[in-house]
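Q: I would like the atomic coordinates for the input below:
(chains A and B)
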Amino acid sequence: MRAYVVKRLLIAGVTLLGMSVLIFVLMRLAPGNITDIIFESAGYVDEADRKRLEAELGIDKPVAVQYTRWLGEIVRGELGKSYRYDLPAWQIIRPRLPVTLELAVLALAFSVLLGVPTGVISAIRQDRPLDYLLRVLSLAGLSMPSFWLGMIVILLLVRSLGWIPSMTYVSPFDNLGANLFQFVLPALAVGYRSSALIMRITRSAMLEVLREDYIRTAWAKGQREALVVWRHALKNASLPVITLIGIEFAFLIGGLIVTETVFNLPGVARYLVDAIQVRDYPIVQNLVMLIAVVVVLANLTVDLLYTWLDPRIKYGKA
Amino acid sequence: MKRFRIAAALWVAVGVTALAAVPATAQTPKYGGILVSSPIGAPPSLSPHEEATIGTVQQASPCFNNLVYFDAGKKQETADTIVPELAEKWSWQDNYRNLVFFLRKDVRWHDGKPFTAQDVKYTFDMVRGAPDAKGKLRVNPRKLWYENVEAVEAPESHTVVFRLKRPQPSLLPMLASGYSPVYPAHVPVAEFKTRCVGTGPFKLKEYKPGEYVEYVKNPDYFVKGRPYLDGIKFVIIRDRSTQIAALQAGQLDEAGSGWNQANAETAKAGAPKLSMLVAESGVNDNVLVNFKRPPFTDPRVRRAINLALDRKAYVVGPRQGAATFGGAMLPRPAGVWGLPAAEVAKLPGMGDAARQKAEARKLLAEAGFGPGNPLKLTVSTRAIALYVDTASWMVDQLQRVGIDATLEQIETGVWHPKMTRLEYQVALNLTGLGIDDPDANFFENFKCGSPRNYSGYCSEEIDRLVAEQSQVLDRAKRAKLVHEIDAKLQLDGARPILGWGRQYSLHWPHVKNWVQHNNSIYNQSRMQDVWLDK
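A: Take a look at the predicted model:
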């Protein structure tokens, strides 16, 4: 098992290295650089000043030199400085992480709490009215983009109650109630889509498991429905569900751009778009790497969970 | 008894009518409260001298002061509405060659240091790029405004003299612009990217880039009794629908900067109690035709493009009625220097659309373009809805005279650099004037070699006339020269103006003294007189 984890971590290292090259090159393929952006808001370009600025920021150096310098910074635990604001990149990124994490965790919790039970119910009531209703609801969840749903919710709230969640971020440490109030709607909007996915996967996995011999045996032995369904069937049907939850969590960390914009939450994803627009390389590179690390770790965690859920799975053996 | 009742009823009616006719007495301002406003967008920095965006001016102005400023209470900004700020008084001397400012002695920077003439000298030496300037701006978009300043001297601790190469009455309005605050000499200018030390009515409490800018009242402000507010919070909301919803829900006291008519009307329809202000914006939609790139070097081609664009269709089309016809200077009555209406009516694109389009076809044919060999061109524009709407309309108008036009959207972050480098054929651009003044406009946008002369237009005659009008002290004579220049610019197609857009602002009735000037959006954001009736 330990050998497997070490191997996976090594592969993760290579993946992240490849990722770093990719994001570094892609950013530099986009037209214009930060000096263009700085001059953009001034409405003109002075070529001499632009060159001076490029030298000042070190982006006049060959791409390979810039890349190795950045890698060196990462190894030393430094994230460089924002070109735009001249502040340490970490100082800009750090306050945004809890916002995105909270939204992702709440959305995921909501989607699991809704998706798994409805998936199970849908499976055990297969082809009955309740199953049809839940399938329609899940299809609706998949069909409606979360930002659209969020916007509709906001419009309905303002029209009917004259109220919407706070447009400035409220920290849970300042006011937990207000914070939860602020996050519950975006979490529901995002979580609904994820719950629809989870529901469908749970349903199909459950349908497969419910036809297994050991389940039939359990029924024949007269075991209670709850025990058969929730302990025996669900545990064995949960492998693909867990995989999906892992993927969804990774997606949520970097994929909440529009939801964060609609609900005006100062999260990582929204800021990533801002940083890309202004070619703030240190911010973009480090944020993307951070998201990549989350994706890699989420996948690793899911794989490790498999062994707990299904003792037949053994890693590190031929 | 009956007659008495009738008489009494009449007296009551007269009384009610009289009361209604009497203007409501001005309310006594109240102190306190935090004004929450949602500005046009996140400011790239808090340094107005280094930016050309309303976002920075709007959100940094409460922190700073100028030597002089436009009176917030006067809707139209003119040389006559300039009021003192850091300067107690000023005096033109030596036939408008020296402008002397006598500064207030009771002013302190937000960090407690005293304000002196050295701060003024430091600021304007830096802005005009003086060789011995003690500071250097990273980018300096308004250096040209101060090209005529020979020296800035501080003969006494609270006296400053601007020595000019030639008389220039416009220097005073330029110094009154929101783009001309005084910076502290003791704070490195680079720090204004993320903080602000000014003398203004509000001190920076917190600036979270891309999120909000928060100010608190400056208790030591030199204007006694001001500001009324305890603070201001500019909350950045990127999504327009969310911004509207937040205003309607009462989370914002004010919003609307950058909104079009439809946005404003949507917000108002959802919350009818909102007060809507509509004014001319001092921002024009203009066409850039690259003077350096064939076939646009041919005046017939440029004129054909200009004629093909039917200005009346522009107003009812992309601008949905919310625009005014005009030349390079903001049209009257909102503007001070605009061409008279009769002159505007004669400009290219203002006549009968069918006849002008026929003339455009004829000119194109003379230049060698026709059905068998159509002129192919790309209309570039900034990838912002406000730009794209008008540029799409332009493409359609050009196609109607046989031009094979296509639309190209340029990412907003590289728009101005591309225009400065003339990396386009034909473009649709928006230009906001910092102040409604010929010098600020002509030197910046039309002078040969100016970095913001995006079309590459260059006319020695225009440069000579621009320099000439700049020195004329008699306002009527100067206006005549300005009109001559404006008409010529339009005929030359230097930067054909499609029209001037309007600005919208919505606020709740409890926001008092919220101002919106008629001829610029840049010089009204000090906020020291705004108060909340809560």
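Q: going by C-alpha atoms from here, please, whenever you check contacts or count neighbours.
A: Fine.
Q: how about residue B:278, what does it touch?
A: B:502, B:503, B:504, B:505 (Cα atoms under 8 Å, 6 or more residues apart in numbering or on different chains).
Q: what spatial separation is found between residue B:138 and chain A?
A: 8 Å (Cα to the nearest Cα, to the nearest Å).
Q: sorry, back to before: now, of the contacts of residue B:278, which are buried?
A: B:502, B:503, B:504, B:505 (16 or more other Cα atoms under 10 Å in any protein chain shown).
Q: need the per-residue pLDDT for whichever residue of chain A sits closest to chain B.
A: Chain B sits closest to residue A:42 of chain A, with a gap of 4.2 Å, by Cα to the nearest Cα. pLDDT for residue A:42: 86.
Q: hmm, it is touching residue B:54, no?
A: No - contact criterion Cα atoms under 8 Å: residue A:42 and residue B:54 do not qualify, at 10.7 Å.
Q: tell me the residues of the stretch 101-250 of chain B that contact chain A?
A: Applying Cα under 8 Å from any Cα of the partner chain, one finds that the stretch 101-250 of chain B approaches chain A through B:138-141, B:193-194, B:209-211, B:235, B:237-239, B:241-242, B:245-246, B:248-250.
Q: now, which of these lie within helices?
A: Judged by DSSP state H, these include B:241, B:242, B:245, B:246, B:248 as members of helices.
Q: look at the last one and say how many residues are nearby.
A: So the one you mean is residue B:248. 31 (other Cα atoms under 10 Å in any protein chain shown).
Q: the closest residue in space to it that isn't next to it in sequence: neighbour count?
A: Among residues not flanking residue B:248 along the chain, residue B:271 sits closest, at 5.6 Å (Cα to Cα, 6 or more residues apart in numbering or on different chains). Residues within reach of residue B:271, counting by other Cα under 10 Å, total 20.
Q: now the phi/psi pair for residue B:271, please.
A: Here is the backbone geometry of residue B:271 (degrees, to the nearest 10): phi -140, psi 80.
Q: hang on, the earlier thing: flag whichever of the buried ones among the contacts of residue B:278 scores worst on pLDDT.
A: residue B:503 (89).
Q: for the helix or strand harbouring that one, which strands pair with it and how are they oriented?
A: With secondary structure defined by DSSP states H and E, residue B:503 is part of strand B:497-507. Using DSSP bridges, the strands paired with strand B:497-507 in its sheet are strand B:254-255 (antiparallel), strand B:275-289 (antiparallel), strand B:323-324 (antiparallel).
Q: can you list the ones you listed in a markdown table and add mean pLDDT?
A: Formatted as a markdown table, the strands paired with strand B:497-507 follow (pLDDT from 0 to 100):
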| stretch | mean pLDDT |
| --- | --- |
| strand B:254-255 | 96 |
| strand B:275-289 | 95 |
| strand B:323-324 | 94 |
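Q: tell me which of those strands sits most buried.
A: Most buried of the strands paired with strand B:497-507 by mean neighbour count (mean count of other Cα atoms under 10 Å in any protein chain shown) is strand B:254-255; its value is a mean of 26.
Q: got a list of what residue 82 touches?
A: Answering for chain A, as no chain was given. Each residue near residue A:82 by Cα under 8 Å, 6+ apart is listed here: A:88, A:89, A:280, A:281, A:282, A:283.
Q: that was the other one, I meant chain B.
A: B:68, B:69, B:70, B:71, B:173, B:176.
Q: look up phi and psi at it.
A: phi -80, psi 130.
Q: bridged to it, which residues?
A: residue B:70.
Q: can you give me the separation between it and chain A?
A: 25 Å.
Q: distance of that residue from residue B:190?
A: To residue B:190, residue B:82 is 30 Å away according to Cα to Cα, to the nearest Å.
Q: quick revisit: now render the ones in helices among the residues of the stretch 101-250 of chain B next to chain A as JSON lines, adding distance to residue B:86.
A: Listed next are those as JSON lines, based on distance: Cα to Cα, whole Å:
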{"residue": "B:241", "distance to residue B:86": "40"}
{"residue": "B:242", "distance to residue B:86": "39"}
{"residue": "B:245", "distance to residue B:86": "39"}
{"residue": "B:246", "distance to residue B:86": "37"}
{"residue": "B:248", "distance to residue B:86": "38"}
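Q: okay, and the spatially closest residue to residue A:243 that is not a sequence neighbour sits in which element?
A: Nearest residue to residue A:243, sequence neighbours excluded (Cα to Cα, 6+ apart): residue A:302, at 6.0 Å. Taking DSSP H and E as the definition, residue A:302 sits inside helix A:281-309.
Q: which strands or helices does that helix pack on?
A: helix A:2-29, helix A:89-93, helix A:234-254, helix A:268-277 (3 or more Cα pairs under 8 Å, 6 or more residues apart in numbering or on different chains; DSSP states H and E).
Q: so which of those gets nearest residue B:86?
A: Set against residue B:86 and scored by Cα to Cα, the helices and strands packed on helix A:281-309 come closest in helix A:89-93, at 35.2 Å.
Q: how about the residues of the stretch 201-318 of chain A that lie near chain B?
A: A:261, A:262, A:263, A:264, A:266, A:271, A:277, A:278.
Q: and with 10 Å instead?
A: Applying Cα under 10 Å from any Cα of the partner chain, we find that the stretch 201-318 of chain A lies next to chain B at A:258, A:260-267, A:270-271, A:274-279.
Q: quick one: the one helix or strand residue A:106 maps to to chain centroid distance?
A: Using DSSP H and E, residue A:106 sits in helix A:97-124. Distance of helix A:97-124 from its chain centroid, counting by Cα atoms, centre = their mean, to the nearest Å, is 13 Å.
Q: got the angle between it and helix A:268-277?
A: Using axes from the mean of the first three to the mean of the last three Cα atoms, to 10 degrees, the direction of helix A:97-124 lies 120 degrees away from that of helix A:268-277.
Q: can you name every helix or strand that helix A:97-124 contacts?
A: helix A:129-143, helix A:176-210, helix A:234-254, helix A:257-262, helix A:268-277 (3 or more Cα pairs under 10 Å, 6 or more residues apart in numbering or on different chains; DSSP states H and E).
Q: nearest the geometric middle of chain A, what residue?
A: residue A:252 (2.0 Å; Cα atoms, centre = their mean).
Q: right, and that one touches residue A:111 too?
A: No - applying Cα atoms under 10 Å as the test, residue A:252 and residue A:111 come out as separate, 11.8 Å apart.
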